[in-house]
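[1] got a predicted structure plus its sequence, pasted below:
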Amino acid sequence: MGMGLAGSSKQGVFDRRAKAALAGGPGVRTPPLPTPGAALRARGPRPPCARHLVRALATGVRKRPGASQPPLLSHCRVLRLVSRSPQAGKEGACPGAMVHAFLIHNLRAPQAQDTGLCRVLYSCVFGAENSPDDPRPHGAERDRLLRKEQILAVARQVESMCQLQQQASGRTSVDLQLQSSDEPVPLHEAPHGAFRLAAGDPFQEPRTVVWLGVLSLGFALVLDAHENLLLAESTLRLLARLLLDHLRLLTPSTNLLLRADRIEGILARFLPHGQLLFLNDQFVQGLEKELSASWPR
Amino acid sequence: MALRPEAGRLLTPPGTRNPSGRTWGLEVLKSRGAGGCGVAGKGRGSGVSGPQVSRFRGPQPTKATRNPPGPVARALTAPPPRTCSTKAHWSAACPPRPRDATRDATRKWRAAGWAPGVAGVGGGGDMFTAGAESLLHQARDIRDEELKKFCSRVVNLLQKEELGPDAVDALQRLFLIVSATKYKRKLEDTCVHLLQTTLCSPKCPEQLQLLCASILREMSPRDDLSLSCDHVQSARQLSLVASVLLAQGDPKGEVRSVGQRVFKILESRQPEGPSPRHLLPVVSKITHLAPHTLHEDQTNQLSKRLVDWLRYASVQQGVAHTSGGFFSTPRARQPGPVTEVDGAVATDFFTVLSTGQHFTEDQWLNVQAFSMLRAWLLHSDPEGPSAPDADDRSELEGSTLSVLSAGSTAGRLLPPRERLREKAFEYCQRLAEQSTRRALRKGDSDLQKACLVEAVLVLDVLCRQDPSFLYRTLSCLKALHARLCGDPARVRTLLPVAQFFLNHGEAAAVDSEAILRHLLTRTPSEFFHSPMLAFELTCFCRDNLPLFGRNLDILKRSFPNLFKLLAWNSPPLTAEFVALLPSLVDADTAVEVLHALLDLPCLTAALDLQLRLSPATSERPLWDPSLKIPSCLEASRDPQFQGLLQHLLRATASGTTERLGPLHRLLQPLASCARVVQCAQAVPTLLEAFFSAVTRFADGALTKQLALLLLERSDSLFQVPQYEAHVHRVLSSRFLALCALHPSLVVELAKELLEFVGSVSGIQGRGAMLASVVWAIGEYLSVSWDRRCTVEQINRFFEALEAVLFEVTQSRPSAALPRCPPQVVTVLMTTLTKLASRSQDLIPRVSLFLSKMRTPAQSPAPSSTSCEEDAGAVRTRAAELLTLLKMPSVAQFVLTPSTEVSEPRYHRDANTALPLALRTVSRLVEKETGLLPG
């Protein structure tokens, strides 16, 4: 096992999440999470995981093909898209303080790893990561593929983080899901957290992810590294509440996949172009009224 | 079961809906069925297949597994519940037919339309997933020819005079189809073109525009986009068009063109024109994506307007609007002044913390302006990171000069940038004042905290850009810090304040020491259980390492406190601490840090216990309530444990270490708790980081201390499942590495090593550690490494190891005990042989032993094949060593190579060369092993 400093951070707990994110695209069945420490016992070459894949896509590192590779990987592996910009990782390289992306994905119960997959149900990337110092020509298709893989990588990490936190606090997701859909979800008690993504993995620039798990949905904001986290956190809570209310996600009959217009309508007002807004209660109510006028519930 | 809200109701009031509104999907299906897409249904089981599968499936459609119809499929095929007339209409219009392509496709589309029916089936945890899953599959499985037909349908709908609910419904589906896969979806050119024209069409409803924009954005980057923002008039529309253009990644200078257009509209300043409210976020995004696209005069102009919006927004409330617009209204009808968050009438100018029933347009702009203020200040600062290129500079300087001179002639007005800074300063001070008020609503109280953070961050930027703000800011921030220290609810706002003092403490001649000390010694022990605070504080330490300067010592000494954050929140923080550790470790703290790292899972358990013992702070317990530990809670009151707990939970480095064995036993019931297990999984990674850092500066004395510590701690670890094995793997390899760095360690630690190998009672758990210790003895117990090494010493070690080998191979007290790993046996044999080659009187003894090992074991016959393989490996090694020992000089050469061996000459010179010697030896060894039985 390569135990260099850089690689070693992927060991241990991180192995769990790397493994949870195993093997490529959204359609490949994810293997069950290993039992604690299984990753450390395994000494053989580890199968390529999505983290590595995305890094390979982003940095041009060619990964050794694993034995159990799905066909997708061989297709992706030849792609070498973006080189890491030299400024990436420098403090204050980007003056902005904006949200890079917003995503909604499903959260599986920790004990039900082998049922279904981590799916991104909605994602919105605000603007594009610019790579002015990358001389290589980009295919538009490959850029899009990279973007999608980046978002998926975030979703998987959020899912792992959420599961680990739920396990640690002794809460199975079952007791959350048993709640009646009539009651408002206590968002301030929902599992939440933040973690960092180093430059080049999977985004060019270092990013911070703030996430919130509500029942079986994960909401996440991908932020620039030096964003106001208190504001981001309350904005994420606000968005989650609005989405739950206005899309009536808690009634079993709704599906957010076919209601992109409402999600977009909410984002356009409360997170325009990824700009976090300082909205006090009355401003929120004003915008909500405007929203309800456009989309009668 | 509730119904899916019909798309039609969104735009047309219920009752006026076109009765044929929902039937288009059916027509599509019919036409598709008639089109003879015979393969559509083939191989489309409910088995999991992703986009790549559907994409690459092409010629082998039958490969996908077809599962028996599960609940989902049954729900799809079953007629929908008759609670809605439209549903009945659907099922009537689509009678069940024999299995054919059309029916399969019908099922698919019906599911897409009636996902709710599907979603309800799973219930509980599958509530969202089942419906979403099946919809995603359907969207991904749509083939190109089907999509082509669907596109032509969309084209027809978009070409209609009146864009109705059908169009919305179709676009919602199109969005799903495009976004559900990461691969390119080929849409008809006319369709893409129409999406763009619809987006730009002035009379198109917002809902459709949003959908068009989101579809175009989902497809981006695209090379063939003809979208342009040049003729868009409405601000909201321009914002949407910009979102599509900015998603292209700027291959054709889209960002610049959007920027110019937005500024043109902003400059026009028509009272009835588009509101800048929707455009400011675009500006913000553009300055973020491409900081150099704005001209200096544009920057100045926006700075001027930001001043107006920030400082001079109306202090009267707006008037209620039913239409949803917020354009200026006659002032006479205004209902009253704006209020503060505590309900009092506003005392000063309007800010984001001022409230009212309704807001005027300039109040909205105030919110926008403050939200983008920090980014804008950083952008408009010429010294900042966004400084333009050298060739642009002369031009910019010229314009700056002209602005300056214009300003001076216009009567001592500050230039726009400075004026904006001045107003930003006033705004932040007002926010600091407003945040002392007691908010009536929870949302406003949260906003107060966020505003306080932002205000401090803005002040920090201001002071960096113009040090003359420093003195005015300091008094404000000192007062703020004093206030925040006593307010546990606002502990997170302490971080930007500390950041400010770290950045400017030196310039302001203020010592940030006290502030840092408070932050690092009190905050973690009280708030380690808050995931966000733990994350922010860790990032704060990591990001500011270069700024700590002489205060770095405070950081180093507070590592036990910082480790609490890590112990409680290990998954998100492990990577941060791997980066932070090298700065926390120095020669003074290394030993204590290593102890603390090894005790990290125990610390997690102790923190859990601490929380359980302390009075409840929140309505939900912060620990795992399913785990009950009454005995632990009871026993922890024992004074013996109290002292140890206090040591483990100390806030700063104590310089001493305690044996925590009793505490391990006390906390044992907590060892199975998930949080402790997670933390234990992170420890090996952290140990690696620790040793990489420590070996950079460790001298002989420290190395000796660390090596001793490794020996000592290898059998006193908190008993978490798998923890010991994982830690041993790291410790054993690191022990060898330490010996390689300082080979005389083996001679210096002879006594301790002898003790260690003498106490092999717990060999099962310590195999890895024993193997590396024994190997180190064989490698480095030699005069060539340390002159102090004597024959007596070698003999003593030989005897001790011989006894160990005898114990692990010949005398097994019970067959139930696990066998000694063959690695340990072979390492022991090899080391004995090495020692014998250095003290040749021992050769007969070891030869006798080895020849015993060579013959198959007399002990109970090995049962499994793996046992047989293990025994085979041991026998082979014994035979090899035996052969080597027949020629003592060769044995010494091979087993104790001189240091010269690593020199290049040794490998190049054909006569003295190592390869020659190795070839000879391997011939000898092979010959002998070839004669071995079995």
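    That came through fine.

[2] close to chain A, is the longest helix seen in chain B?
    In chain B, assigned by DSSP state H, the helix with the most residues is helix B:442-465. Yes. Legend: contact between helix B:442-465 and chain A by C-beta under 8 Å from any C-beta of the partner chain is shown at B:443-444, B:446-447, B:449-451, B:453-454, B:457. (Glycine included, C-beta is placed from N, CA and C.)

[3] so which of those residues is the most crowded?
    B:Cys451 (28 neighbours; other C-beta atoms under 10 Å in any protein chain shown).

[4] thought that residue was touching B:Ser435?
    Yes. With contact defined as C-beta atoms under 8 Å, B:Cys451 reaches B:Ser435; the gap is 6.1 Å.

[5] mutual contacts of those two, please.
    Residues touching both B:Cys451 and B:Ser435 by C-beta atoms under 8 Å, 6 or more residues apart in numbering or on different chains: B:Leu353.

[6] any idea how far B:Leu670 is from the residue of the stretch 151-297 of chain A found nearest chain B?
    Residue nearest to chain B within the stretch 151-297 of chain A (C-beta to the nearest C-beta): A:Gly170, separated by 2.8 Å. Note on A:Gly170: its distance to B:Leu670, by C-beta to C-beta, to the nearest Å, is 12 Å.

[7] and these two? Which one has more around it.
    Between A:Gly170 and B:Leu670, B:Leu670 has the larger neighbour count (other C-beta under 10 Å), namely 25 against 16.

[8] return the residues in contact with that one.
    Counted by C-beta under 8 Å, 6+ apart, B:Leu670 has contacts B:605, B:608-609, B:627, B:629, B:632, B:676.

[9] go again using 6 Å as the cut-off
    Contacts for B:Leu670 (C-beta atoms under 6 Å, 6 or more residues apart in numbering or on different chains) come out as B:605, B:608, B:676.

[10] what confidence value was assigned to the second one?
    Right, the one you point to is B:Asp608. pLDDT recorded at B:Asp608 is 92.

[11] what mean pLDDT does the longest helix of chain B have?
    On average, helix B:442-465 scores 94.

[12] torsion angles phi and psi at B:Pro467?
    phi -60, psi -10 (degrees, to the nearest 10).

[13] that one: what's its closest spatial neighbour, skipping adjacent residues?
    Leaving aside its sequence neighbours, B:Pro467 sits nearest to B:Ala507 (C-beta to C-beta, 6 or more residues apart in numbering or on different chains; 6.4 Å).

[14] in chain A, which helix or strand is least confident?
    helix A:71-77 (a mean of 31; mean pLDDT, DSSP states H and E).

[15] tell me where the model's unsure across the stretch 51-200 of chain A.
    In the prediction, the stretch 51-200 of chain A carries residues with pLDDT under 70 at positions A:51-97, A:111-115, A:130-138, A:172-185.

[16] which residues of it fall in helices?
    With DSSP state H, counting those that start in this stretch as the criterion, the stretch 51-200 of chain A has helices at A:71-77, A:140-168, A:173-177.

[17] before we move on, the earlier item: the residue of the stretch 151-297 of chain A closest to chain B: what's it in contact with?
    B:624-626.

[18] same thing but at 10 Å, please
    Listed by C-beta atoms under 10 Å, 6 or more residues apart in numbering or on different chains, the contact partners of A:Gly170 are B:621, B:623-627, B:673-675.

[19] give the helix, strand or coil label for the closest residue to it other than its chain neighbours.
    Distances taken as C-beta to C-beta, 6+ apart place B:Asp624 nearest to A:Gly170, at 2.8 Å, with adjacent residues excluded. At B:Asp624 the chain is in coil, as set by DSSP: H, G, I helix; E, B strand; the rest coil.
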